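In: sequence isn't available, so here's the structure alone:
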């Protein structure tokens, strides 16, 4: 591979409707898409080792620039050989730009054309996150895929604010392209809230720039779910088809199954791991809330058809419920292993359906199965669970 | 194996001085002694799965009757096939009697000849722990080794109190023998504090009863360490040599190396797992306090000579320090795996020395190495760390 190149290339191998089955070639292996990225905020997927995450089937994770910038610091990570060596994760690593966390976690945040000025939530230290600093930090961290610094207005923001965010994100994107490490891939980010006109214009402008991939940001930030689906259904198929499409911070199994149908290739979300820590488990027919007393004497594994460590070893719902109620630390690992397996399996099945040219049929059947909910949860709880935006909070 | 027997037998295969290398035959495999029992208070060694504990080399764990009596309840465990099936631990399980926890965790505790009357620390429910109830509960739990209900005065208690505890423990021992499940082994417990006369008399009386093993209780309960060593050095070699000797709740690596020299075969202590959760790591030359800033940039594993998962996979001190400082959940598992490996390796080395007939030399060299402390901790911190008595607190 050309050492002066970003190290990333993408090919679409099959399509079914707008859905795509692709391969992302990287310095850390070939990643089959659609792919789901477990969230490793502080360079660790919560409760799991790198070996654990590999065992769930994931071959890409996303880490957090803001958190790692503050602690342990990018210079230390670089000295230890970069994030791959530091965290023992041999596969693909994405880092987000840190803008979202600087904005939501930092104190006394001031946004200007320069960047985000704020105080660290850890020690109150004054910091300035500019597009150039975001690139410098991600370059030191050594991720395969860096994200540009962007401005992400919250759901329901008025159009002038959305338009300003789009324009500034475009300008910051150019600064990021100029400042980025040569050997690192960089994705641009499309903003524009639920305004389809702004979204389409932003996507078109970004496609003119030499980004290695195009991310759809600013979704699942408080807007009604129907609005997100409406915008994604129009925006997704309009994004430059030669580049990978990454829908940031989304979502539920239902969101993922839908968005793949609109041409999305990459996802990340805290949901599988955070819900695991809250005792919520995804199964093919919906979900299990493990503390529910109906599982008190239940000798079955979470999902008899599942191949994850927890199900494969036969850990019973009865024992898992006991561990959860007693708040034994190992429960967080056992349920996280299961939920990440569920997500990895979901995108793998979507890929198979695309390769068979039968994505629409698979999508309909899968969404119907989610909608029916888990028969053993009584009220037919769907696989759609509360949303969450940042793993570390 | 005779189904009406306790399922337990013990043979001493080699001795070196008072130290013994033995085999404890059980329904769940042959256990080589000396052996260390990781503490699985609520049927889970904190932060680890049964598979993890197996990987550390341990083949026996101790679970807590008090905690499991209250939650999830012995009937539920019995319905799920007993503790082995419930918790996925295929090897030997000891359960303590619950007396110590009823006394220390229960509210409004009243001690009488009948037993301990108290209120549950979980829901305030009134409970009565009698010798018969302790046997009923342990029978339902289905451990290989049950412990008799005993009275354990705190360190420094006056002689009349110690004497009364010995007498009552003897009477309760007889009630436990009468009430125990046929297929379960039962150990008697020697009390008497630091009064060597009381200790020797109690040990002699217990040896007259058909207990499957003899435990030394009431150590490491607040008495000076020199007193514990003095009493153990005299008591240990005086205990019936045909039965396994179990020193309850002890201790540091130094304690274990010393006590093996006085004929102790079995140990349990929360220290390796609790210290792991506090970032304290045992290594052959002393200990590592992982949050120490000297490890910030240290690329070495905890102990380059160690074969545990964490060291074998090459997790660096630098990364482990980051995980600890960031309080990432996986750090508790990574350090617990290491510390339990250290304890398992320590007793395995003691056994080898006994088999070679060179225990005294090994003991001297090992204690000297501990005393010199970890060179990289600066102040030469010895492997003797603060004591702790109950994993769940």
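Out: Perfect, thanks for sending it. Since the structure is predicted, the reported quantities are computational estimates derived from the model, not experimental observations.
In: who are the contact partners of the residue of chain A most remote from its centre?
Out: What lies farthest from the middle of chain A is residue A:297; by Cα atoms, centre = their mean that is 35.6 Å. When contacts are counted by Cβ atoms under 8 Å, 6 or more residues apart in numbering or on different chains, residue A:297 is found next to A:318, B:76, B:79-80. C-beta here means a position set from N, CA and C on the backbone, and glycine is covered the same way.
In: report the two of those residues separated the most.
Out: A:318 and B:79 (8.4 Å; Cβ to Cβ).
In: ok, so of the contacts of residue A:297, who is nearest residue B:27?
Out: Scanning these for proximity to residue B:27, where the rule is Cβ to Cβ, the winner is residue B:80, at 17.8 Å.
In: apart from its chain neighbours, what residue comes closest to that closest one?
Out: Of all residues not flanking residue B:80 in the chain, residue B:86 sits nearest, at 4.5 Å (Cβ to Cβ, 6 or more residues apart in numbering or on different chains).
In: what strand or helix carries the one you found?
Out: helix B:82-87 (DSSP states H and E).
In: which other residues reach that helix?
Out: A:316, A:318-319, A:322, B:28, B:40, B:43-44, B:50, B:63, B:68, B:77, B:80, B:89-90, B:93, B:95, B:140-143.
In: please pick the buried ones from the residues you listed.
Out: Buried members of the contacts of helix B:82-87, scored by 16 or more other Cβ atoms under 10 Å in any protein chain shown, are A:316, A:318-319, A:322, B:28, B:40, B:43-44, B:50, B:63, B:68, B:77, B:80, B:89, B:93, B:95, B:140-143.
In: which ones among those are found in helices?
Out: A:318-319, A:322, B:50, B:68, B:77, B:140-141 (DSSP state H).
In: closest to residue B:59 among these?
Out: Once Cβ to Cβ is applied, the member of those that ends up nearest residue B:59 is residue B:50, at 11.5 Å.
In: quick revisit: quick check, the residue farthest from the centre of chain A in a helix?
Out: No: assigned with DSSP: H, G, I helix; E, B strand; the rest coil, residue A:297 falls outside any helix and is coil.
In: how close does it get to residue B:73?
Out: Applying Cβ to Cβ, to the nearest Å, the value for residue A:297 to residue B:73 is 11 Å.
In: hmm, who's touching the helix or strand harbouring residue A:370?
Out: Residue A:370 belongs to helix A:359-372 when assigned by DSSP H and E. Applying Cβ under 8 Å, 6+ apart, the contact partners of helix A:359-372 are A:16-17, A:19, A:253-254, A:257-258, A:260-261, A:284-286, A:346, A:349-350, A:352-353, A:380, A:382-384.
In: so what sits opposite the residue minimising distance to the centre of chain A in the bridge?
Out: Nearest to the mean C-alpha position of chain A, by Cα atoms, centre = their mean, lies residue A:268 at 1.0 Å. Per DSSP bridges, the residues bridged to residue A:268 are residue A:37.
In: measure it to residue B:247 for me?
Out: On the measure of Cβ to Cβ, residue A:268 and residue B:247 end up 51 Å apart.
In: do residue A:334 as well
Out: 33 Å.
In: longest helix in chain A, by number of residues?
Out: Chain A, longest helix under DSSP H: helix A:330-355.
In: what parts of the stretch 151-300 of chain A come near chain B?
Out: A:296-297, A:299 (Cβ under 8 Å from any Cβ of the partner chain).
In: please redo it, this time with the cut-off set to 10 Å
Out: Taking Cβ under 10 Å from any Cβ of the partner chain as the criterion, the stretch 151-300 of chain A approaches chain B at residues A:273, A:277, A:296-299.
In: can you redo those as CSV with pLDDT and distance to residue B:5?
Out: Shown next, in CSV, are those (pLDDT from 0 to 100; distance: Cβ to Cβ, whole Å):
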residue, pLDDT, distance to residue B:5
A:273, 98, 48
A:277, 98, 45
A:296, 98, 34
A:297, 97, 31
A:298, 98, 34
A:299, 98, 29
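In: and which of those is nearest to residue A:167?
Out: Nearest member of these to residue A:167, counting by Cβ to Cβ, is residue A:273, at 34.9 Å.
In: so residue A:197 sits in a strand?
Out: No: counting by three-state DSSP, residue A:197 falls outside a strand, being helix.
In: which residues does it contact?
Out: By Cβ atoms under 10 Å, 6 or more residues apart in numbering or on different chains, the contact list for residue A:197 reads A:159, A:163.
In: that one and residue A:282, how far apart?
Out: 36 Å.
In: also residue A:153?
Out: 30 Å.
In: of the two, which one has the most company?
Out: residue A:282 (30 against 20; other Cβ atoms under 10 Å in any protein chain shown).
In: okay, and the closest residue to residue A:249 other than its chain neighbours sits in which element?
Out: Of all residues not flanking residue A:249 in the chain, residue A:220 sits nearest, at 5.3 Å (Cβ to Cβ, 6+ apart). Residue A:220 belongs to no helix or strand when assigned by DSSP H and E.
In: wait, residue A:220 sits on residue A:252?
Out: Yes: contact criterion Cβ atoms under 10 Å: residue A:220 and residue A:252 qualify, at 9.1 Å.
In: report the two of the residues of the stretch 151-300 of chain A next to chain B separated the most.
Out: Among those, A:273 and A:297 lie farthest apart (Cβ to Cβ), at 27.8 Å.
In: helix, strand, or coil at residue A:109?
Out: Under three-state DSSP, residue A:109 comes out as strand.
In: sec struct for the residue lying closest to it once chain neighbours are set aside, please.
Out: Of all residues not flanking residue A:109 in the chain, residue A:118 sits nearest, at 4.3 Å (Cβ to Cβ, 6+ apart). When classified by three-state DSSP, residue A:118 comes out as strand.
In: what is the burial count for residue A:118?
Out: 22.
In: got the phi/psi numbers for the residue nearest to residue A:249?
Out: phi 60, psi 40 (degrees, to the nearest 10).
In: got the contact list for the nearest residue to residue A:93 once chain neighbours are set aside?
Out: Leaving aside its sequence neighbours, residue A:93 sits nearest to residue A:143 (Cβ to Cβ, 6+ apart; 4.4 Å). Taking Cβ under 10 Å, 6+ apart as the criterion, residue A:143 is in contact with A:28, A:61-63, A:65, A:68, A:82-84, A:92-96, A:181, A:184-185.
In: whichever of those residues end up buried, select them in ChimeraX.
Out: The buried residues among these can be selected in ChimeraX (16+ other Cβ under 10 Å) with this line:
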select /A:28,61,62,63,65,68,82,83,84,92,93,94,95,96,181,184,185
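In: what sits against the residue of the stretch 51-200 of chain A found nearest chain B?
Out: For the stretch 51-200 of chain A and chain B, the shortest gap (Cβ to the nearest Cβ) falls at residue A:72, measuring 4.6 Å. By Cβ under 10 Å, 6+ apart, the residues touching residue A:72 are A:42-43, A:79-80, A:86, B:296-297, B:318-319, B:321-323, B:325-326.
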